[in-house]
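> Sequence first, predicted coordinates after that:
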Amino acid sequence: MSKYIIHRDIPGVGSFTPAEYQAAAAKSNEVIAAMNAEHKGIQWVHSYATQDVMFCIYIVDDETLIYEHSERSGFPANVVRKVTTVVDPVTAEGA
């Protein structure tokens, strides 16, 4: 499985109410559960909301599953990028 960052253009997403975030998360979870029941490996890790963009982190068996989730959930997947390396403060310590 590989990790991906998904850029979703969603106008006003940074100003959603808690109920709107809850409904969006519930819809995503519903679709993911259905896909996993179909033996499709997809996991939502978490998301970051900015003014008009949601950045989502997913772990999937295949990139095409991100687009399938997008179609089934109604959430756009405007840009999808595979994570090749994670760099964090510990990286400075070397191997």
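Cool, the structure landed.
> Next one: the residue nearest the centre of the chain from residue 13, what distance?
The chain has residue 56 as the residue nearest its centroid, 3.1 Å off, counting by CA atoms, centre = their mean. Here the distance between residue 56 and residue 13 works out to 11 Å (CB to CB, to the nearest Å). Every residue, glycine included, has its C-beta placed from N, CA and C.
> do the same with residue 32
In this view, residue 32 and residue 13 are 19 Å apart by CB to CB.
> With residue 71 instead?
Applying CB to CB, the value for residue 71 to residue 13 is 19 Å.
> now do residue 31
Per CB to CB, residue 31 is found 18 Å from residue 13.
> And for residue 68?
21 Å.
> One more: residue 80?
From residue 80 across to residue 13, the span is 17 Å (CB to CB).
> Which strands and helices lie in contact with the longest helix seen in the chain?
In the chain, taking DSSP state H as the definition, the longest helix is helix 18-37. Judged by 3 or more CB pairs under 8 Å, 6 or more residues apart in numbering; DSSP states H and E, helix 18-37 is in contact with strand 42-49, helix 64-73.
> which residues are contacting the last one?
When you say that, I think you mean helix 64-73. With CB atoms under 8 Å, 6 or more residues apart in numbering as the test, helix 64-73 has contacts from 4, 6, 27-28, 31-32, 34-35, 40-42, 58, 60, 75-77, 80.
> Please apply the same query to the first one.
Residues outside strand 42-49 that contact it (CB under 8 Å, 6+ apart): 1, 3, 13-14, 16, 21, 28-29, 32, 35-36, 54-61, 65-66, 69.
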